[in-house]
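Enquirer: attaching a predicted model along with its sequence, questions to come.
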Amino acid sequence: MSEVAHVNIREHLSVPAGAVDLTRIDPRSTPGLPGGKDIQRDPKAWSREQVAAVGVHLASLQERLYAASKGGSTDRVLLILQAMDAGGKDGTVKHVAGAMNPLGLKVVAFGKPTPEELRHHFLWRIRRALPAPGIVGVFNRSQYEDVLVVRVHHLVQPEVWGKRYDEINRFEAKLTGDGFTVVKVMLHISPEEQKVRLEERLTDPTKYWKYNPGDVDERARWADYQAAYEAALSRCNTEAAPWYVVPADRKWYRNWAIAHLLWETLEQIDPKYPEPDFDVKVELARLRAAK
C-alpha cells in the first residue's frame, strides 16, 4: 500500500469570500497535487493507489463515527456533489465513497422532483433524506437544484428562487448545530470535456443508459448555468457550510482531491469509540466461565 501524506486540500479548493468567477478556475488544473516522478510517469495509476491508501483511513474513521453514535454522539457528515451533466458525480461516489462500509454510508441521488415533492417546500425532500448520526451521507445533486435548474429554466419567478439562497444558508446553519459537518463540492468541468464524455456514452453500448437526449439541449444553456453556479457559490459560501470547487476534467485528480477532502473532514471531527456501559473484566470473566 502506498504511503499517503496530508496536503491540506481544503486550503487549495475552498471558495474565497465574495463574488466567484469560474472562468478563473481551470477545469484541468490540479491544485494541491504533490510533486513526484510517480505522478508524472502514470498519474492515473498513482491516483488509484493513493485513493486506495486514503480509503483505509476513511474506513477506519467512518467506523469510529458510526460507533460514536452508539454512545450518543450526533456527529455525521453530509457530502454534497453538484456538477453539470457528465461532471463526475457518479464516478466520485463509486471511487471515493465506495471505500467506506455501506453500513455507515447513505447515498441519495436527487432527480426531477416528483408530483408529491412539488406539492411541498423545496427543502422537504432534502430533509427526508438527511443521514442519521454516525452516517456519512452523500447527495448526488441537492437543494441547490432549486437555484440552478429552476433558475436557468425559469420554473419559478426570480423573486421566488432569489429568496432561496438565504433559506439554504439558514437550513445549513441549523444542520451544523445538529451535529452535521457539511462538505459542498462543485465538480468544475469544461464544455470540451463534457462533450467528450457525452460522446463516449453514444459510442459505447454499455454507456447508452447514461445518456439523456436533453443533455445536448442543456449545453446550449452553459453560460446560464455557470452564472447560476457562481451565484450559488458566492451567496451560499458560509463558515458553517463552505463550498469547494474541484477541477474535474481529470478524473484521476478529482478522485484524489475528494478522497483527501473527506479524510481531512473526518479527521477534524476526530470521532471516538464510546466507553462501555458495562464492566469489561466482569463480562469477560462471565463469558469465559460460560459453557
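Expert: The structure has been received and is ready for your questions.
Enquirer: the helices in the stretch 1-150 of the chain, which residues?
Expert: Under the criterion DSSP state H, counting those that start in this stretch, the stretch 1-150 of the chain contains helices at 9-13, 37-41, 43-70, 89-95, 115-118, 124-128, 149-152.
Enquirer: how about those helices, which one is nearest G179?
Expert: With Cβ to Cβ, the closest approach to G179 among those belongs to helix 43-70: 9.1 Å. (Each C-beta comes from the backbone N, C-alpha and C, glycine too.)
Enquirer: quick one, strands of the stretch 151-291 of the chain?
Expert: 180-188, 243-247 (DSSP state E, counting those that start in this stretch).
Enquirer: same list (these) but as JSON lines, adding distance to A52 and mean neighbour count.
Expert: Below are those laid out as JSON lines (distance: least, Cβ to Cβ, whole Å; neighbours: other Cβ atoms under 10 Å):
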{"stretch": "strand 180-188", "distance to A52": "20", "mean neighbour count": "23"}
{"stretch": "strand 243-247", "distance to A52": "19", "mean neighbour count": "22"}
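Enquirer: and those strands: which comes nearest H121?
Expert: Closest among the strands of the stretch 151-291 of the chain, using Cβ to Cβ: strand 180-188, at 19.1 Å.
Enquirer: partner strands of that closest one, with direction?
Expert: strand 76-83 (parallel), strand 243-247 (parallel) (DSSP bridges).
Enquirer: between it and helix 43-70, how many degrees?
Expert: Using axes from the mean of the first three to the mean of the last three Cα atoms, to 10 degrees, the inter-axis angle of strand 180-188 relative to helix 43-70 is 160 degrees.
Enquirer: contacts for strand 180-188?
Expert: By Cβ atoms under 8 Å, 6 or more residues apart in numbering, the list of residues contacting strand 180-188 from outside reads 22, 25, 27, 75-83, 87-89, 92, 130, 172, 175-176, 229, 233, 236, 240-248, 254, 258, 261-262, 265, 268-269.
Enquirer: how far is it from where the chain is centred?
Expert: 5 Å (Cα atoms, centre = their mean, to the nearest Å).
Enquirer: contacts for stretch 19-26, please.
Expert: H188, Q226, Y229, E230, L233, S234, N237, V245, P247.
Enquirer: stretch 45-60 now?
Expert: Counting by Cβ under 8 Å, 6+ apart, residues outside stretch 45-60 touching it are 1-4, 36, 38-39, 95-96, 99-101, 252-253, 255-256, 259-260, 262-263, 266-267.
Enquirer: pull out the buried residues from it.
Expert: Neighbour-count burial for stretch 45-60 flags W46, S47, R48, E49, Q50, V51, A53, V54, G55, H57, L58 (criterion: 16 or more other Cβ atoms under 10 Å).
Enquirer: okay, now the unreliable bits of the stretch 51-200 of the chain?
Expert: Counting by pLDDT under 70, the stretch 51-200 of the chain contains no low-confidence range.
Enquirer: quick one: which of the contacts of stretch 19-26 is nearest V280?
Expert: The shortest approach to V280 among these belongs to N237, at 46.5 Å (Cβ to Cβ).
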